[in-house]
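got a predicted structure here, sequence first:
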Amino acid sequence: MKHGATHIEKNGKAKKRKGEKNEEWKSGPFLIALSAVVLGLIAGGILMAVIGENPIEAYLYMFRGSLMNSERVGNMIAVSTTLFFTGLAFAFAYKTGLFNIGCSGQMLAGGIVATIAAHYLFLPRPLYLIALILCAALGGALWAAIPGFFKAKFNVHEVVSTIMMNWIAYWSVYYYIPAYLKGPSLETESSAIAVTQSLRTPWLTNLFAGSTYINLSVFIAVIALVAVQFCLGKTTLGFSLKAVGANKSCAEYAGISVNSSIILSMMISGALAGLAGLSYYTGYSLNMQIGVMPSQGFDGIAVALLGASTPVGVLLASVFFGILQSGKGFMNAMTSVPPEIADTIISVIIYFTATSILFERLWNGVFRAMRGKRKENNNNSDSAQRTAQGGR
């Protein structure tokens, strides 16, 4: 009898530990993002069905357009890289308590400085690439420092000031390119950057079966990911910036320079957006057009939100959005589904991501119901075992 009781106690303890493990099941950023993506794809499928198209077939063509061969994969990576930089720029500012809407303007600032350097700076290739990266990062950082200064000194909200800086950058490029960098045939775009002065490289193009868009910025993106992850998670600087974003008064009481931290945070975010300009204008397109506000700056906000503003999450979200962006043209060519459907899907995903609190409550409710059901089953099992032991 004692042996039977011991067996029941051990069984009960094991189930208790298992139940305690179930208590830890909670909704997390990954589950919320996955839910938003699935619902966004479902919404896109419904729109396709409404216009009389087969959603499954359309999605297959969309993903094939991005992934069916090495060349298309290379093109997709090139698109994703620019989105990654703008997403990381917004995510960094968001993690430090700032809402940087000015990634488009900072991307233009970094792009124009990098483009000027590409036309007039001639150095050995390794030194040239370092100089080009520094020029783009510096251009974006200085452009972001202005709204950072207004925020720190006069408490001007960064949303307002960064939007204004976007348009200042837009019209500055609109003036500068026709005046000083006009192309040989069109006044609406700059003269093309020589391939030898760009981020493109033959071995990378050959690796991806002739993709002319893949460029060295993908490696810069990997370095940026590691640097931001390390800065925010492992350094005193990252802790100070996050502390200022969480509570300025407490941070100031702890001896942290609040104003300097705000400006520095905006500059780092702007530098990352400037690298997006480097990636796009000296790697992807090789020239700059006037009258175009780069949409990647605003798409980066969507990337950061879907990626929960974490560097790894931003990477995964940028790849997913890159697949949608680079595959929509092939989908349109093979079906009658308009490419704007992909943009609609992205918009719906962001709406669902913005309502993350609803997903959190939904999944936590599901997990509670699962725990309750399992607990009930465990209690019934324990009662049956005790009855069986007592019968013996």
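Done, it's in. Every value quoted in this text rests on a predicted model; they were computed, and no experiment measured them.

check for me that Gly52 belongs to a helix.
No: per DSSP: H, G, I helix; E, B strand; the rest coil, Gly52 lies outside any helix segment and is coil.

burial check on it, number of neighbours?
Residues contacting Gly52 under the criterion other Cβ atoms under 10 Å number 8. Quick note: C-beta positions are derived from backbone N, CA and C, even for glycine.

go on, the one 5 residues further on?
Residues near Glu57, counting by other Cβ under 10 Å, number 14.

which element, helix or strand, includes it?
Taking DSSP states H and E as the criterion, Glu57 maps to helix 55-67.

may I have that helix exported as PDB, CA atoms only?
Only the C-alpha atoms of helix 55-67 are listed here, as PDB (Å, rounded to 0.1, in the frame of the first residue of the first chain):
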ATOM      1  CA  PRO A  55      -5.800  33.400 -54.000                       C
ATOM      2  CA  ILE A  56      -3.700  30.200 -53.700                       C
ATOM      3  CA  GLU A  57      -2.400  30.500 -57.300                       C
ATOM      4  CA  ALA A  58      -1.700  34.200 -56.800                       C
ATOM      5  CA  TYR A  59       0.300  33.700 -53.600                       C
ATOM      6  CA  LEU A  60       2.300  30.900 -55.300                       C
ATOM      7  CA  TYR A  61       3.300  33.200 -58.100                       C
ATOM      8  CA  MET A  62       4.100  36.000 -55.600                       C
ATOM      9  CA  PHE A  63       6.500  33.700 -53.700                       C
ATOM     10  CA  ARG A  64       7.900  32.200 -56.900                       C
ATOM     11  CA  GLY A  65       8.600  35.700 -58.100                       C
ATOM     12  CA  SER A  66      10.900  36.200 -55.100                       C
ATOM     13  CA  LEU A  67      12.300  32.800 -54.500                       C
END
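
list the buried residues in that helix.
55, 58-62, 65-66 (16 or more other Cβ atoms under 10 Å).

cool, stretch 107-123 as well?
107-119.

let me know the closest of the residues you listed to Gly274.
For these, the closest approach to Gly274 (Cβ to Cβ) belongs to Gly110, at 2.5 Å.

correct me, but the closest one touches Tyr280?
No: proximity of Gly110 to Tyr280 does not meet the contact threshold set by Cβ atoms under 8 Å, at 9.4 Å.

how about the helices in the stretch 251-392 of the chain?
Secondary structure of the stretch 251-392 of the chain by DSSP state H, counting those that start in this stretch: the helices cover 258-279, 296-306, 311-334, 340-354, 356-391.

now stretch 312-319 - C-alpha only, PDB.
Only the C-alpha atoms of stretch 312-319 are listed here, as PDB (Å, rounded to 0.1, in the frame of the first residue of the first chain):
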ATOM      1  CA  VAL A 312      16.300  40.000 -35.100                       C
ATOM      2  CA  GLY A 313      12.500  40.600 -35.500                       C
ATOM      3  CA  VAL A 314      13.200  43.500 -37.800                       C
ATOM      4  CA  LEU A 315      15.400  41.200 -39.900                       C
ATOM      5  CA  LEU A 316      12.700  38.600 -40.300                       C
ATOM      6  CA  ALA A 317      10.000  41.200 -41.000                       C
ATOM      7  CA  SER A 318      12.100  43.000 -43.600                       C
ATOM      8  CA  VAL A 319      12.700  39.600 -45.400                       C
END
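
quick one: residues in contact with it.
Contacts with stretch 312-319, where a contact means Cβ atoms under 8 Å, 6 or more residues apart in numbering, come from 29-30, 33, 76, 80-81, 83-84, 87-88, 91, 225, 229, 302-304, 306-307.

wait, Leu305 touches Thr355, no?
No: counting by Cβ under 8 Å, Leu305 does not reach Thr355; the two are 11.2 Å apart.

those two: which is more packed in?
Applying other Cβ under 10 Å to Leu305 and Thr355 shows that Leu305 carries more neighbours, namely 23 against 12.

can you read off the pLDDT for the more buried one?
Among the per-residue scores, Leu305 holds a pLDDT of 89.

enumerate every residue touching it.
Under the criterion of Cβ under 8 Å, 6+ apart, the contact list for Leu305 reads 350, 353-354.
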